[in-house]
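1. Here you go, sequence then predicted model.
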Amino acid sequence: MLRQQHPAIDIQIAVLTSQETLSRLADGTLDIGLVALPQPPVAGLVIKPWRRDPVMAFVPAHWQCPARVTPEWLAAQPLILNDATTRLSRQTAEWFAAAGHHPAPRIQLNYNDAIKSLVAAGYGAALLPHEATTPLPDKRVVMRALRPALWRRLGIAHRAGYVERSTQHVLDVLWDLRLV
């Protein structure tokens with residue numbers, strides 16, 4: 001949609017943690033960022049809620065797993081999780097802890113597509129957000145809802161004050177894409 005309406009706008013995408021995103025926004029090397037919520041206020045930045053996605057269990061298809069995955073079941077499996085620097089890692093740790101579990105992951109990294117590939121290869125299960133606009137995972141992976149449910153909330157962040165016209169066009173498209 002943006003390319004059709006504003007073909008001269010060049011977008012460069014960087015996959016960063018929320019903290020890296022906020023830091024780059026604050027130092028002026030990034031114009032817009034999607035960040036996990038909640039975030040503490042940052043002087044000079046605007047952070048607004050944008051959307052929320054369900055966190056799902058991504059499990060190798062050849063495993064026998066329940067229709068709804070519980071912390072008890074998942075804690076007994078080999079896990080591939082985001083590393084401890086991410087908001088998603090803290091959320092999943094809290095989800096497990098609420099049920100009295102503190103599993104140690106087999107593998108930790110920060111790239112969800114890489115995690116999905118490791119799940120497809122059978123290395124373990126993962127807890128990842130499922131964005132409604134993304135294609136279904138590899139047929140070697142099944143997604144299962146969590147019980148209790150878990151949600152990842154995202155926000156849009158940008159510098160406060162004057163917003164350049166091209167940046168505003170991108171923000172407008174992002175607001176149109178939200179799935180709250």
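-> Great, that's in hand.
2. Counting neighbours, which bits of the longest strand along the chain end up buried?
-> Taking DSSP state E as the criterion, the chain has its longest strand at strand 45-60. Applying a neighbour-count criterion of 16 or more other C-beta atoms under 10 Å, one finds Leu45, Val46, Ile47, Trp50, Arg51, Asp53, Val55, Met56, Ala57, Phe58, Val59, Pro60 buried in strand 45-60. Quick note: C-beta positions are derived from backbone N, CA and C, even for glycine.
3. Point out where the protein drops to low pLDDT.
-> For the chain, the stretches flagged by pLDDT under 70 are 137, 179-180.
4. Could I get the full set of strands for it?
-> 32-36, 45-60, 68-69, 80-81, 107-108, 126-129, 141-146, 151-159.
5. for the second one, the distance to its chain's centre please.
-> When you say that, I think you mean strand 45-60. Relative to its chain's centre, strand 45-60 lies at 5 Å (C-alpha atoms, centre = their mean, to the nearest Å).
6. cool, and stretch 120-140?
-> Here stretch 120-140 is found 12 Å from its chain centre; the criterion is C-alpha atoms, centre = their mean.
7. Pull out the CA atoms of the longest strand of the chain and give them to me as CSV.
-> The C-alpha trace of strand 45-60 is given here as CSV (Å, rounded to 0.1, in the frame of the first residue of the first chain):
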residue,chain,number,x,y,z
LEU,A,45,9.9,9.7,22.3
VAL,A,46,6.3,8.9,21.7
ILE,A,47,5.2,5.3,22.4
LYS,A,48,1.6,4.3,21.6
PRO,A,49,-0.1,0.9,21.8
TRP,A,50,-0.5,-0.5,18.3
ARG,A,51,-1.7,-4.2,18.4
ARG,A,52,-1.6,-7.4,20.3
ASP,A,53,-0.9,-10.9,19.0
PRO,A,54,-1.5,-14.3,20.7
VAL,A,55,1.6,-16.1,21.8
MET,A,56,1.3,-19.7,20.6
ALA,A,57,3.2,-22.9,21.2
PHE,A,58,5.1,-23.9,18.0
VAL,A,59,5.8,-27.6,18.3
PRO,A,60,7.4,-30.2,15.9
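8. I'd like to know which elements that strand is packed against.
-> Contacts defined by 3 or more C-beta pairs under 8 Å, 6 or more residues apart in numbering; DSSP states H and E place strand 45-60 against helix 18-26, helix 87-98, helix 112-120, strand 126-129, strand 141-146, strand 151-159.
9. Pick the most deeply packed of the ones you listed.
-> strand 126-129 (a mean of 24; mean count of other C-beta atoms under 10 Å).
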